[in-house]
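*Asks:* from the sequence below, what's the structure:
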Amino acid sequence: MKITHQRTGDTLVIAVADELGHHEAREIIDYMGTVLALYPAGPVVLDLSALKFMDSSGLAVVLNLHRALLRAGRSLCVRGTPPQAMRVFQAANLPHIVTFEMGE
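*Replies:* Predicted structure coming up:
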């Protein structure tokens with residue numbers, strides 16, 4: 001698992017690459033908490049375009065981020081979700097709660 005962040009204008013882009021499973025989820029949630037504290041304003045994009053595998057733990061990661069941003073009055077968009085991960089999100093009806101951007 002690799003996680004990075006970059007500020008582009010007023011938007012914070014957090015990118016997760018490789019695998020997002022049970023073992024990686026806690027680390028990602030902690031990382032996002034730290035980054036959100038460093039950049040307390042503006043929209044957030046979660047870029048999953050380099051993700052190779054995700055299990056249902058990815059739901060916890062996205063929901064945790066969504067709730068934290070909602071409490072702060074900020075928006076979330078999930079970008080570049082691979083088909084396998086999107087099936088997990090769709091099975092949980094997450095696209096009705098969180099904005100997903102299918103293009104790069």
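*Asks:* name the residues that touch the top strand by length along the chain?
*Replies:* For the chain, the strand with the greatest residue count under DSSP state E is strand 11-20. Residues from elsewhere that reach strand 11-20 (CB atoms under 8 Å, 6 or more residues apart in numbering): 1-7, 28, 32, 35-36, 39, 42-55, 57-58, 61, 65, 85. The way it works is simple: take the backbone N, C-alpha and C, and place the C-beta from them, glycine included.
*Asks:* run me through the strand neighbours of it, direction for each.
*Replies:* strand 2-8 (antiparallel), strand 44-47 (parallel), strand 51-54 (parallel) (DSSP bridges).
*Asks:* host element of Ala37?
*Replies:* helix 22-38 (DSSP states H and E).
*Asks:* report the angle between that helix and strand 2-8.
*Replies:* Put simply, helix 22-38 runs at 20 degrees to strand 2-8, going by axes from the mean of the first three to the mean of the last three CA atoms, to 10 degrees.
*Asks:* contacting residues around helix 22-38?
*Replies:* Contacts for helix 22-38 (CB under 8 Å, 6+ apart): 1, 3, 5, 12, 14, 16, 20, 44, 55, 57-58, 60-61, 64-65, 68-69, 72.
*Asks:* now the buried members of the residues you listed.
*Replies:* Buried members of those, counted by 16 or more other CB atoms under 10 Å: 1, 3, 5, 12, 14, 16, 20, 44, 57-58, 61, 65, 68-69.
*Asks:* quick one: which of these is nearest Asn93?
*Replies:* Gly58 (14.2 Å; CB to CB).
*Asks:* any idea how far the strand or helix carrying that closest one is from the chain center?
*Replies:* Secondary structure from DSSP H and E places Gly58 in helix 57-71. Counting by CA atoms, centre = their mean, to the nearest Å, helix 57-71 is centred 7 Å from the centre of its parent chain.
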